[in-house]
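Enquirer: Below are the sequence and a predicted model for it; my questions follow.
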Amino acid sequence: MILTIEQLCLVAGAGGGLMLDASDFTFNQMADICSAAATGQASVSFHHVNALTFQQLRDLASAAPGLVTFDLMP
């Protein structure tokens, strides 16, 4: 990865939208990014979310309502 989690959070917190591969992050890292996105009103899209549970998807979405999208295509 070219940016650290902290740097991704700073980008999202500044309003920069992100498209990320969920398989590259832990759930807690994704939650931190979503929380930062809420602060900056930035959109975040996660791809390859097959390993996440319904509850995890819901928790990520609720961290930044209306700003988080998931690619659920196989």
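Expert: Noted; the coordinates are in hand. Predicted, not measured: the structure shown is a model, and the values here were computed from it.

Enquirer: C-terminal to the top helix by length along the chain, what's the next element?
Expert: Using DSSP state H to define each element, the chain has its longest helix at helix 27-40. Toward the C-terminus, helix 27-40 is succeeded by strand 44-47 as the next helix or strand (DSSP states H and E).

Enquirer: what's in contact with the very next helix or strand once past that next one?
Expert: Next helix or strand after strand 44-47 toward the C-terminus (DSSP H and E): helix 54-63. Helix 54-63 is contacted by residues Phe27, Met30, Ala31, Cys34, Ser35, Ala37, Ala38, Phe46, Val49, Leu52, Val68, Phe70 when judged by Cβ atoms under 8 Å, 6 or more residues apart in numbering. All C-beta atoms are positioned from the backbone trio N, CA, C, and that covers glycine.

Enquirer: Check the offset of helix 54-63 from the chain's centre.
Expert: Taking Cα atoms, centre = their mean, to the nearest Å, one finds the center of helix 54-63 at 10 Å from the center of the full chain.

Enquirer: what does the average pLDDT come to for it?
Expert: On average, the pLDDT along helix 54-63 is 98.

Enquirer: Enumerate the positions of that helix that are buried.
Expert: Buried residues in helix 54-63, counted by 16 or more other Cβ atoms under 10 Å: Leu57, Leu60, Ala61, Ala63.

Enquirer: separation between the residue nearest to Leu72 when sequence neighbours are not counted and Ser62?
Expert: Among residues not flanking Leu72 along the chain, Val49 sits closest, at 6.9 Å (Cβ to Cβ, 6 or more residues apart in numbering). Using Cβ to Cβ, to the nearest Å, Val49 is found at 15 Å from Ser62.
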